[in-house]
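> need a structure here:
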Amino acid sequence: MRNYLTAIVTVVVVAAFVFIVYMQWNATPAPVAQVPEGVTTTAPVPAAPARPAAAITSITLGKRVGADGVVSLPATTFGTKDSIYAGLTLQNALARTAISYIRTYNGQYVDSKVSHPTKDGVTNFYFSWVLNAGAVRKAGNYSLTFYVDGVKAQTVNYTVR
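Numbers count the residues shown, from 1 in each chain. Alright, predicted model coming up:
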């Protein structure tokens, strides 16, 4: 009789287990509430504040530049053996800001270069054209057109005599 009773309890437990699993398997999910059209369910993410564009606020040409990157002997007329510096005052420049120039001589392309400030917030930046020993520049009219991140910023002219 004891085996008979154990068998009945086992059958009842297994049947209850199968019934519970069956009910969960076939249970219908609760309906999902519909959100009215045009209503968002998440808070809007605020846009990052726009970074002011980098700019060249002034350009000074000269024959010398100080350790601070500022032209110390301004000039617009140079000798054929003079070093030439273009000191730029920058605003909102980051280390990845592309500063470039195109140089022309009597209206003809001479050269160009792209450079970047060494760190964020640099305000003084310069390009230099220093001659090798014994070299001389051609006399004539030169023009430097500067760009910030590919956008034309300013043009300056100088003369070599």
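> so what's residue 112 bridging to?
residue 102 (DSSP bridges).
> for the protein, where's the lowest mean pLDDT among helices and strands?
helix 2-26 (a mean of 62; mean pLDDT, DSSP states H and E).
> Need the CA coordinates for the next helix or strand along the chain from it. CSV is fine.
Downstream of helix 2-26, the next assigned helix or strand under DSSP states H and E is strand 55-62. Extracted C-alpha coordinates of strand 55-62, given in CSV (Å, rounded to 0.1, in the frame of the first residue of the first chain):
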residue,chain,number,x,y,z
ALA,A,55,39.6,82.3,-36.2
ILE,A,56,42.6,84.4,-37.1
THR,A,57,42.1,87.8,-35.5
SER,A,58,45.3,89.5,-36.7
ILE,A,59,48.4,88.8,-38.8
THR,A,60,51.7,90.5,-38.4
LEU,A,61,54.6,90.0,-40.8
GLY,A,62,58.1,90.6,-39.6
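> hmm, who's touching strand 55-62?
70-76, 84-92, 99, 144, 146, 148, 153-154, 156, 158 (CB atoms under 8 Å, 6 or more residues apart in numbering). For every residue, glycine as well, the C-beta is placed using N, CA and C.
> Mind checking which of those are buried?
Using 16 or more other CB atoms under 10 Å as the burial test, these include 70-71, 75, 84-90, 99, 144, 146, 148, 153-154, 156, 158 as buried.
> In this structure residue 94 contacts residue 54, no?
Yes - the pair residue 94 / residue 54 is scored as a contact, 6.8 Å apart, by CB atoms under 8 Å.
> ok, those two, which is more surrounded?
Between residue 94 and residue 54, residue 54 has the larger neighbour count (other CB atoms under 10 Å), namely 20 against 15.
> Am I right that the more buried one is in contact with residue 150?
No - with contact defined as CB under 8 Å, residue 54 does not reach residue 150; the gap is 11.2 Å.
> what about the spatially most central residue of the chain, which SS state?
The residue lying closest to the centre of the chain (CA atoms, centre = their mean) is residue 96, at 5.7 Å. The local conformation at residue 96, judged by DSSP: H, G, I helix; E, B strand; the rest coil, is coil.
> what sits against it?
Shown in contact with residue 96 (CB under 8 Å, 6+ apart): residue 116.
> swap in residue 115?
Applying CB under 8 Å, 6+ apart, the residues near residue 115 are 98, 99, 100, 125, 127.
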